[in-house]
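Novice: Build me a model from this:
(2 chains)
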Amino acid sequence: MIEFTLWDILRNLALALRWTVALSLIAFIGGGLVGATLLCLRLGLGRKTQHVIGAYVGVFQGTPLLMQLFLAYFGVSLLGIDVSAWTAASLALTLYTSAYLVEIWRGCVEAVPRGQWEAARSLAMSFGEQLRHVILPQAARLAIAPTVGFLVQVIKGTALASVIGFVELTKAGGMIANASFKPFLVFGCVALFYFALCFPVSLAAQHLERKQHGRTA
Amino acid sequence: MIEFDFGAVLAEWPLLLRGLAWTVGLTVIAVPLGLLIATLGAWARACGSTALRRGVGVYVELLRNTPFIVQLFFVFFGLPALGVKLSPEAASLIAMTLNLGAYGTEILRAGIQAAPKGQWEAAQSLALSQTQVFTRVILPPAFKRVWPAMTSQIVIVMLGTAVCGQISTEELSYAANLIHSRNFRAFEATFVALAIYLALSLITRRFLLWAGPKWFFGGGRRS
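Specialist: This next block holds a predicted model:
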């Protein structure tokens, strides 16, 4: 039998951490792109689109991420496509992230005073120009802090991908715990790895928020 | 062509119902305990000594910056190594309670910070003790202020129970897994469970937003 030293545990967890980071980035960037597209659709098209996107947000916020992962995993394979855990996890987490981000960003756009839209329109700007030159620069400034804060949620969300067999930090922790018979130590280390990843992001979000309040006050 | 067979899943309704009962039951027990911890935590942060404030701060940040599933595994697989043997249900409850406690502390703290300093002073000038000031004067409006955020967090904790199936707590997602291991209707079983979760979260949110002000922290006129 192989003896697991603390060093072995830490080394293997650190290796698995890569995949947590990679999946987080995929979900965050993909979710950002999908979310931005949805936001533009929501702003540009009529009331019906708003309702559809509202329902999309409601479904993702009102159901467990774990079940969304399962549904992506089983659903895509129903279409006859052989899904890896990578594909399913990326898909589910991207959609999940997009739903939350579109909601966060919508709030930021709504926080821009109505007069700004009207002023831009009175300068004969097209809708695209109004968004690009007037509304989005102001909304983006408001959006930075909550968006960074949500990144923490995404990182923690990737832990659930372990359940559909994606070997990231949590799954690796489970495997090492089974092999080493040191679950207390291993899961403690796993938690600390996540903490080391998430806490700086949380602090950054807090810092940005405080800076923003200083500016608006 | 894909053929769906939801009938095969719905035929197992007793399992789904039992799963739903566990999900609701775990939530109903964990939420009051979590809110109690949140209240104590918020009290410690507002009135406690420096050491206590630091300790609570570490608890809050540790729990808020690690995934729930890791907390659950730590409690269920990790603690027995120290001689604390837990059933899956007890481990789920502990993890849920501690999780809500941490988030709740942070949410409630924001509500307490929003209380004007004059309220503390006015209450103290009426010769109320420190504890009385906190529980009678500061806490109810603080709860009222943050109740929408707290409601969201409670719904998140309830949806989090889906993860507890991974340590064989027999809640709704566990029931869905059990059903599709019997009839191989994985997509349908997951879909049905998802729909139930959605309905449950909508109902819970409505209920809490209605029940909170009505029963929990007094009438609508104050604040």
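
Novice: what about the helices in the chain?
Specialist: You didn't say which chain, so I picked chain A. Per DSSP state H, chain A carries helices over the ranges A:6-44, A:47-61, A:65-78, A:85-111, A:114-122, A:127-129, A:136-158, A:169-180, A:183-216.

Novice: The chain in question should be chain B.
Specialist: So, for chain B - with DSSP H - the helices run B:6-10, B:13-47, B:50-64, B:68-73, B:88-113, B:117-125, B:130-132, B:139-164, B:172-183, B:186-211.

Novice: List the buried residues for the longest one?
Specialist: Using 16 or more other C-beta atoms under 10 Å in any protein chain shown as the burial criterion, the residues of helix B:13-47 that qualify are B:15-16, B:18-20, B:22-24, B:26-27, B:30-31, B:33-35, B:37-39, B:41-47. From N, CA and C alone the C-beta is placed, and that goes for glycine too.

Novice: Over to the third one?
Specialist: Neighbour counts over helix B:50-64 (16+ other C-beta under 10 Å) mark B:Val56, B:Gly57, B:Tyr59, B:Val60, B:Glu61, B:Leu62, B:Leu63, B:Arg64 as buried.

Novice: what do you get for the last one?
Specialist: Applying a neighbour-count criterion of 16+ other C-beta under 10 Å, the buried positions in helix B:186-211 are B:186-194, B:196-198, B:200-201, B:204-205, B:208.

Novice: Can you spell out which helices and strands pack onto it?
Specialist: Under the contact definition 3 or more C-beta pairs under 8 Å, 6 or more residues apart in numbering or on different chains; DSSP states H and E, helix B:186-211 sits against helix A:47-61, helix A:65-78, helix B:6-10, helix B:13-47, helix B:139-164, helix B:172-183.

Novice: quick one: which of these has the weakest pLDDT on average?
Specialist: Lowest mean pLDDT within the helices and strands packed on helix B:186-211: helix B:6-10, a mean of 79.

Novice: one step back: for A:Gly31, find the nearest of the helices of chain B.
Specialist: helix B:139-164 (17.9 Å; C-beta to C-beta).

Novice: sorry, back to before: of the helices of chain B, which approaches A:Ala14 most closely?
Specialist: That would be helix B:68-73 among the helices of chain B, by C-beta to C-beta, at 15.7 Å.

Novice: For A:Gly173, give me the pLDDT.
Specialist: 91.

Novice: residue contacts, it?
Specialist: With contact set as C-beta atoms under 8 Å, 6 or more residues apart in numbering or on different chains, A:Gly173 has these partners: A:Leu13, A:Ala16, A:Val186, A:Phe187, A:Cys189, A:Val190, B:Val70, B:Phe73.

Novice: show me the residues around the nearest residue to it once chain neighbours are set aside that make contact.
Specialist: With C-beta to C-beta, 6 or more residues apart in numbering or on different chains as the criterion, A:Gly173 has its nearest non-adjacent residue at 3.8 Å, and that residue is A:Val190. Shown in contact with A:Val190 (C-beta under 8 Å, 6+ apart): A:Leu13, A:Leu169, A:Thr170, A:Ala172, A:Gly173, B:Val70, B:Phe73, B:Phe74.

Novice: hmm, who's touching the helix or strand of chain A with the lowest mean pLDDT?
Specialist: One helix or strand of chain A scores below all others by mean pLDDT, DSSP states H and E: helix A:127-129, with a mean of 84. For helix A:127-129, contacts defined as C-beta under 8 Å, 6+ apart pick out A:Gly44, A:Ala120.

Novice: So what's the gap between it and the chain middle?
Specialist: 28 Å (C-alpha atoms, centre = their mean, to the nearest Å).

Novice: next one: stretch B:192-208
Specialist: 14 Å.
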